[in-house]
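Chemist: Turn this into a structure:
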Amino acid sequence: MNVETGSAIQGNPFKPGDVVQLKSGGPSMTVTMVVGIDTHCAWFSLSAVIREISSFASPAKEVFPFQSLELATKAN
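Modeler: Below is the predicted model of the structure:
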């Protein structure tokens with residue numbers, strides 16, 4: 001498996017540390033890894049934070065094709 005951790009690969013414009021969101025809307029997410037067209041993201045949902053208020057909340061994680069993502073704006 002070719003894991004790219006810096007520059008764009010196979011047309012994927014994102015890199016770890018970028019803050020993105022789905023083009024259809026949703027929470028701001030941090031890119032954690034890029035593998036080909038797959039963009040691995042992590043984010044904290046409000047319900048997860050409330051549910052685990054007495055302990056450390058774990059981030060939600062998912063993999064998205066880069067075509068479904070865009071850079072998040074500061075307003076998100």
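Chemist: Look up the residues forming beta bridges with the residue lying closest to residue 69 once chain neighbours are set aside.
Modeler: Among residues not flanking residue 69 along the chain, residue 20 sits closest, at 4.4 Å (CB to CB, 6 or more residues apart in numbering). Just so you know, the C-beta spots here come from the backbone N, C-alpha and C atoms, and that holds for glycine as well. Beta-bridge partners for residue 20, by DSSP bridges, are residue 29, residue 71.
Chemist: how many neighbours does residue 20 have?
Modeler: Neighbours of residue 20 under the rule other CB atoms under 10 Å: 23.
Chemist: low-confidence ranges in this protein?
Modeler: Applying pLDDT under 70 to the chain picks out residues 1-10, 46-57, 75-76.
Chemist: Tell me where it has strands.
Modeler: 19-22, 29-35, 38-43, 60-65, 69-71 (DSSP state E).
Chemist: In a markdown table, list those strands along with distance to residue 13.
Modeler: Putting these into a markdown table (distance: least, CB to CB, whole Å) gives the following:
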| stretch | distance to residue 13 |
| --- | --- |
| strand 19-22 | 10 |
| strand 29-35 | 9 |
| strand 38-43 | 9 |
| strand 60-65 | 12 |
| strand 69-71 | 9 |
